[in-house]
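Asker: show me the folded form of this:
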Amino acid sequence: MNKKIKKWGPDNFELELTSIWSFPLRGSWATHDAKWRGNWSPYIPRNLLLRYSNEGDWVLDQFVGGGTTLVEAKLLNRNVIGIDINETALERCRDKIAFEYETKSDVRIVKGNAQNLSCIKNDSIDFICTHPPYANIIQYSDNIEGDLSQCKIPEFLSKMESVAKESYRVLKEGKFCAILIGDTRQKGRVQPLGMQTMKVFEDQGFQLKEIIIKEQHNCKATGYWKTNSLKYNFLLLAHEYLFIFKK
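Answerer: Numbers count the residues shown, from 1 in each chain. This is a model prediction of the structure:
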């Protein structure tokens, strides 16, 4: 696979220094691509891993999806556990990390449920870096029991309580948990899913350190929604929230 890889990292990379992040060119180094719908730009986990973890730390992504976090952790010498309930996602993850690279990273891929991290000991994770589904905005499976992308907002938020509780349990004291999540619109009204999720994590004991506004680019339905935005007089949701919590 190395023969196909032309770049191992972004050009002229610098850490983000403000609370507004925007990546018009989402990043295509190593094995990254945008073929897994809704996956985040590799610039996001790269920034987070470099700022909130050290080489040799154990990182957790319990909604590992397309595997972006795993690739960045491997490139940056972080040990990482990637968990997902969807075997299709895990197959993609295995493919994405199957490259040779001089690294000390230990990459572990586990089929599991973010609501029950019984495979991970208390206070054993140095950093959580994850991107959960936004309720049922994008549905990643048809009938997988426990798949949060099948849940309407009230059920999603209820289940995220267990996710937050387990995240708090496995994270070491004084360490950080980063979550990217956005809002949605239903019947013409904005549903503040991001802020509601933030409250769920605060209620489980996390302290809010940062709120980062991440600008969205190249959304699949931009043309359709642009037309309807003018026709029905509503604003396009072009931002997501990146919450940084501390235990």
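Asker: where does the residue nearest to the spatial centre of the chain land on pLDDT?
Answerer: Residue closest to the average C-alpha location in the chain (CA atoms, centre = their mean): residue 131, at 1.9 Å. Residue-level confidence at residue 131 comes out at 96, pLDDT.
Asker: surely it and residue 36 touch.
Answerer: No - in terms of CB atoms under 8 Å, residue 131 does not count as a neighbour of residue 36; the distance is 10.7 Å. For glycine as for every other residue, the C-beta is placed from the backbone atoms N, C-alpha and C.
Asker: overlap in contacts of those two?
Answerer: Common neighbours of residue 131 and residue 36, using CB atoms under 8 Å, 6 or more residues apart in numbering, are residue 65.
Asker: A strand includes residue 208, no?
Answerer: Yes - with DSSP: H, G, I helix; E, B strand; the rest coil as the criterion, residue 208 is located in a strand.
Asker: okay, now it: neighbour count?
Answerer: Using other CB atoms under 10 Å, residue 208 has 13 other residues around it.
Asker: list the beta-bridge partners for it.
Answerer: Residues in a beta bridge with residue 208, per DSSP bridges, are residue 245.
Asker: that one reaches residue 241, doesn't it?
Answerer: No - Residue 208 lies out of contact with residue 241 (CB under 8 Å); the separation is 10.9 Å.
Asker: spit out the residues that contact the two alike.
Answerer: The overlap between the contact sets of residue 208 and residue 241 (CB under 8 Å, 6+ apart) consists of residue 198.
Asker: thinking again about what came up before, and the gap between the residue nearest to the centre of the chain and residue 105?
Answerer: Separation of residue 131 from residue 105 (CB to CB, to the nearest Å): 20 Å.
Asker: got the contact list for residue 84?
Answerer: Contacts of residue 84 (CB under 8 Å, 6+ apart): 62-65, 90, 93, 111-112.
Asker: what is the nearest of the residues you listed to residue 166?
Answerer: When these are compared for distance to residue 166 (CB to CB), residue 62 wins out at 7.8 Å.
Asker: neighbours of that closest one, how many?
Answerer: For residue 62, the neighbour count with other CB under 10 Å is 25.
Asker: list the residues that contact it.
Answerer: 83-84, 112, 114, 117, 128, 130, 163, 166-167.
Asker: in JSON lines: these, plus secondary structure and distance to residue 215.
Answerer: Formatted as JSON lines, those follow (DSSP: H, G, I helix; E, B strand; the rest coil; distance: CB to CB, whole Å):
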{"residue": "83", "secondary structure": "strand", "distance to residue 215": "28"}
{"residue": "84", "secondary structure": "strand", "distance to residue 215": "26"}
{"residue": "112", "secondary structure": "coil", "distance to residue 215": "32"}
{"residue": "114", "secondary structure": "coil", "distance to residue 215": "26"}
{"residue": "117", "secondary structure": "coil", "distance to residue 215": "31"}
{"residue": "128", "secondary structure": "strand", "distance to residue 215": "23"}
{"residue": "130", "secondary structure": "strand", "distance to residue 215": "20"}
{"residue": "163", "secondary structure": "helix", "distance to residue 215": "25"}
{"residue": "166", "secondary structure": "helix", "distance to residue 215": "30"}
{"residue": "167", "secondary structure": "helix", "distance to residue 215": "26"}
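Asker: tell me the one of these nearest residue 98?
Answerer: Closest to residue 98, out of all of those and judged by CB to CB, is residue 84, at 16.7 Å.
Asker: so in terms of bridging, what pairs with the closest one?
Answerer: For residue 84, the beta-bridge partners under DSSP bridges are residue 111.
Asker: quick check: the gap between it and residue 57.
Answerer: Using CB to CB, residue 84 is found at 21 Å from residue 57.
Asker: go on, residue 204?
Answerer: Going from residue 204 to residue 57 by CB to CB gives 22 Å.
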